[in-house]
Structure formats: C-alpha cells, structure tokens
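*Asks:* take this sequence and fold it.
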Amino acid sequence: MKSAVETISPTRVKLVVEVPFAELKPMLDQAYKTIGAQVQIPGFRKGKVPSRIIDQRVGRGAVVQEAVNEALPVFFAQAAEAEDIRAIGQPEVDVTAVPLEDGQDLEFTVETDVRPQVELPDLEGIAVEVDSVEASQEDVDERLTALRERFGSLVGVERAVEDGDFVSIDLSAAIGDEEIDSVTGVSYEVGSKNMLEGLDEALLGMAAGDTKNFTAPLAGGDHEGDDADCTVVVQSVKVRELPALDDDFAQLASEFDTLDELRADVTKQAEQAKKYEQGMQARDRLLEHLLETVDVPVPDGIVAAEVHQHLEGENRLEDDEHRAEVDESTRKALKAQFLLDAVAEKLEVRVEQPELIEYLVMSAQQYGMDPNEFAQTIDQQGQIPSIVQEVARRKALAAVLEKAAITDTAGNAVDLDALVAGDQPHDHDHDHGNDAEAAADESPADEATPDESPAAEVTPEESPADEATAAKA
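*Replies:* Next up is the predicted model:
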C-alpha cells in the first residue's frame, strides 16, 4: 500500500491511498464467501457457489462493493498510522479507482479533521496570581448557622406563610379536565424553588387551611413545558427554631466540650475553604493563561457537528444567538481538550487503574448511579477510552499546577501542598479536596458528559466525533 498526505489546514488533511490488488484480494475472496452464503442458486449449495457464477448472477460490482466496504477502514487506519495522522470526526471518503477486474488496484482519498499540533511553552514555574483570601467573621457565622440548622427543630406557627417557612401542602395539577398529578402532605421549604414554578409566590401570605390556584408549566412527564392549572392547599406552617450557641450545643453537634473549641474548629474550616478556593482559582487562571498564550487550532467541522447536535437536542436550531454562545463554548472546550492532551503527552502522563476507578466512582455519585452500573453503562457505550483520556487531562493540569509559581495579590506565596488531608478540619459541613491534583479534578471547560462530548481521536472502526470529554469544570 502507498499513501501520501496533503495538508489542507492545521486541522484538516487529505490522504491519497493506493492499494495493490494483491493486498485487496483476501477481502475479495471473503466477499465471495459472504455473498455465496447468502444467495440461493439452483444446482449449488449455499457457500459452494463458484466465483464466476456469483459474478454472472449477482455481478462483479456487488462483490467489489462488499470488499471495498470492508477494506476502507482497514487501509485508512494503516495509512493514517504510516503518515502519523491522528484523525478525528467524520472522514469524507472518495473511491477514485475500483478494481472491477483482477489485477486492478484500489485507489481512494480521505479528507478528515485531525488533532492539531500544539507547541507548548516551558511548563515549569508558570506565574499565576490569585486573590488574597482571609476567612471573615461572617464566613464563620455562616458555617455555625448552617450547623445549627442541622440540629434545629420545626415548630408550628399560626400566621401567614413567609419566605423560609416550612409548610405541609397538598398540590395538584390539571390540564383541562385531565388531572396530571397530585400529592398530599408534602413538606416544602418556601423559597427553595425546587418544585413548580410560581409555587413559592403562591404560598406567600397563605395560612393553614387556605387554598390557592395558579398556573405553571409542568417540569416533567409527557406534558413537560405545558401550562397546567395548579391548586395548592396549606395544611400547616412551621418555622425552624435553632438551638442556642452554647457549650451544650457544642457537645451535641461535635466532639468538643465548649463553644470556644467548636468556634475555633469552624474558623479553621472557613480558613481551609478559602485556601481551597485559592487552589480552584489558581487552576482556572493557569488554564486560562495557557489558553491565551498557546495557539490551539480547532477543527471547524467538529465544532459545527457538536453545535448542531447540541441545538438539535434543545430544539433550538433556529436560535442564532444561542448558536453563537454554544459555538464559542464548544471551541473553548475543544481548545482546552487539545491543549491538555498535548500537556499529558509531553509529561508522559499515565493513568493507573485505581485513578480510573476513583473517577468512575465520583462520576457515578454525580449521576446518582451505582458505581458498578455506571461502569457497565459507559463500557457498553465504548466510553472507557474517553474516561481514561479525561483522567489523563486532569493529571496533566495537576502536574503543571504543582510546578506553577502561585502568589496572591499581596505578593505572598501560595502553597497548594498545604491542602493535605492531615490539615483538613473536622467534618461538620465541609467537603474539600486536598492538593493540586484535587484542584485540577474540577478542571474548567467541562460541558459534556461522557457520551455527549465534542470530539476525540478515533480509529476508522469507531463512530467518529463522539468521544472526547472536556476537562471537568
């Protein structure tokens, strides 16, 4: 096989491939066997029909078409490897010479998007400036209030509903004469806005025993988005009473004996949270710096396909303003992917099995799925390579972050290694990462779930343009 490559743009190439008849012949022989097993010709058993009879009855062209369909992905992959082409997206194939007679060669061309070559700067000691942070008394008080709310109790009141109250309600929705849904005795925090649109506004000013009608779009089911006539009945109104901040509360809510000890620990939590925020900001600004300073071409075809798929899923294909927004975010996400892939290659990042398992468990939690079920699902979808690639991107960003020279606006050095597990405060209401890699674990530009991502390197046998995941934001 001979091949030649023509560069159309930094992200698109044209491959010209010539396949000698001798290399194609095994696939032609297989095509005769396949067709021979499918056709019924009097006087011949299935699978025993001579090639010349198949040519007479079915046609040489049909056999060649069968062989070529099998051959193209194989020879395309070989040519891409030989020319060091990393194809992505949907290739455009044009067969320019068909071997209708023995001895004739197969010739075809392929235009395909490719991963861009990324020239990286020195990744050692990149300067990153973050905001100075200090836990304020307000931060400490907010955490203490949140802790008190966890140990508060609901007490009934005889007054009109106010924002923040807890109510027990009956709720029903109907469209015309058809009742769509109804629930009774549901507890709801007024102002949380996690039920029907307009419910919070309807509840304000109501009292126990009151009934009110309002109109709201349904949030799910067969009538999702349709306006429904809703009725809410208030059964009771309660407020949350918080325990007093004293030593008794400290003993109830923690392992500490005094309020002063609890307050000191909560203060440590707030300070650690601020440090964690610095880590997140350092990660974001490091990636933004790389995106601004490194030239990363993005394939227009991949962007167009991803934008179309996104808008089609939202049924907003005609929304030009939204199209522009999605186009911009998709380009940024792809640029971040290609950039971090290049960093991972330069640093020779390897993904170990425990790291992959950790990512899968974390992702399963985000989707509210059993980790084993989640792993089986993405394996069935062929998404494991994409997940491995995503973990590699996270590790790559973490590695650069660890080498960065991070200072705050006051000129103080920021040590991300200070965020280690041993320094984590007691778990009252916080859950934070612990180092540069933990910071990079939520890398920006993530706008795709594993099966919705914009682009990835594929082989011809794979379904193009459906694999890569963006760095996790």
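*Asks:* what is the mean pLDDT for the helix ranked longest in the chain?
*Replies:* If you go by DSSP state H, the chain has its longest helix at helix 259-293. Averaged across helix 259-293, pLDDT comes to 94.
*Asks:* would you mark the buried spots in that helix?
*Replies:* For helix 259-293, a neighbour-count test (16 or more other C-beta atoms under 10 Å) marks 259, 262-263, 265-276, 278-287, 289-290 as buried. For every residue, glycine as well, the C-beta is placed using N, CA and C.
*Asks:* next helix or strand past it?
*Replies:* Counting by DSSP states H and E, the next helix or strand C-terminal to helix 259-293 is helix 300-314.
*Asks:* next, the angle helix 300-314 makes with the next helix-or-strand element following that next one.
*Replies:* Sequence-wise, the next helix or strand downstream of helix 300-314 (DSSP H and E) is helix 320-346. Helix 320-346 runs at 130 degrees relative to helix 300-314, counting by axes from the mean of the first three to the mean of the last three C-alpha atoms, to 10 degrees.
*Asks:* can you name every helix or strand that the longest helix of the chain contacts?
*Replies:* The helices and strands touching helix 259-293, judged by 3 or more C-beta pairs under 8 Å, 6 or more residues apart in numbering; DSSP states H and E, are strand 127-130, helix 137-150, helix 247-253, helix 320-346, helix 384-403, strand 405-408, helix 436-440.
*Asks:* ok, now with 7 Å
*Replies:* strand 127-130, helix 137-150, helix 247-253, helix 320-346, helix 384-403, helix 436-440 (3 or more C-beta pairs under 7 Å, 6 or more residues apart in numbering; DSSP states H and E).
*Asks:* and stretch 163-177, how far out from the chain middle?
*Replies:* What separates the centre of stretch 163-177 from the centre of its chain is 34 Å, taken as C-alpha atoms, centre = their mean, to the nearest Å.
*Asks:* separation between the closest residue in space to Val155 that isn't next to it in sequence and Arg148?
*Replies:* Among residues not flanking Val155 along the chain, Glu241 sits closest, at 5.1 Å (C-beta to C-beta, 6 or more residues apart in numbering). Computed as C-beta to C-beta, to the nearest Å, the Glu241 to Arg148 distance reads 10 Å.
*Asks:* for Ile35, same thing?
*Replies:* 77 Å.
*Asks:* neighbour count winner among Glu241 and Arg148?
*Replies:* Arg148 (17 against 11; other C-beta atoms under 10 Å).
*Asks:* ok, that one touching Pro243?
*Replies:* Yes. Contact criterion C-beta atoms under 7 Å: Arg148 and Pro243 qualify, at 5.9 Å.
*Asks:* quick check: angle from the longest helix of the chain to helix 384-403?
*Replies:* Using the same axes, to 10 degrees, helix 259-293 lies at 100 degrees relative to helix 384-403.
*Asks:* so how far is helix 259-293 from its chain's centroid?
*Replies:* Its chain's C-alpha centre and that of helix 259-293 lie 24 Å apart, by C-alpha atoms, centre = their mean.
*Asks:* check stretch 284-302 too.
*Replies:* Offset of stretch 284-302 from its chain centre (C-alpha atoms, centre = their mean): 18 Å.
*Asks:* distance between the ends of it?
*Replies:* 25 Å (C-alpha to C-alpha, to the nearest Å).
*Asks:* neighbouring contacts of that stretch?
*Replies:* Around stretch 284-302, the neighbours that count as contacts under C-beta atoms under 7 Å, 6 or more residues apart in numbering are 10-12, 88-89, 113, 116, 118, 120-121, 126, 128, 130, 331, 334-336, 338-339, 397, 400-401, 404, 443-444, 454-455, 465.
*Asks:* please tell me how far the closest residue to Leu339 other than its chain neighbours sits from Glu81.
*Replies:* Among residues not flanking Leu339 along the chain, Val296 sits closest, at 5.3 Å (C-beta to C-beta, 6+ apart). According to C-beta to C-beta, Val296 stands 24 Å off from Glu81.
*Asks:* between the two, which is the more surrounded one?
*Replies:* The residue with more neighbours, out of Val296 and Glu81, is Val296; 22 against 12, by other C-beta under 10 Å.
*Asks:* count of residues packed around the closest residue to Gln278 other than its chain neighbours?
*Replies:* Counting by C-beta to C-beta, 6+ apart, the nearest residue to Gln278 once its immediate chain neighbours are dropped is Val130, at 5.0 Å. By other C-beta under 10 Å, the residues close to Val130 number 21.
*Asks:* any idea what Val130 is bridged to?
*Replies:* Asp408 (DSSP bridges).
*Asks:* tell me who's in contact with it.
*Replies:* Shown in contact with Val130 (C-beta under 7 Å, 6+ apart): 278, 281-282, 285, 406, 408, 414.
*Asks:* one more pass at 8 Å, please.
*Replies:* Taking C-beta atoms under 8 Å, 6 or more residues apart in numbering, we find Val130 in contact with 278, 281-282, 285, 406-409, 414.
*Asks:* low-confidence ranges in the stretch 351-473 of the chain?
*Replies:* Regions of the stretch 351-473 of the chain meeting the criterion pLDDT under 70 cover residues 418-473.
*Asks:* how near is the residue nearest to Gln278 to Arg393?
*Replies:* From Val130 over to Arg393 (counting by C-beta to C-beta), the distance is 22 Å.
*Asks:* also Val266?
*Replies:* Applying C-beta to C-beta to Val266 and Arg393 gives a distance of 35 Å.
*Asks:* same check, this time on Leu252
*Replies:* 44 Å.
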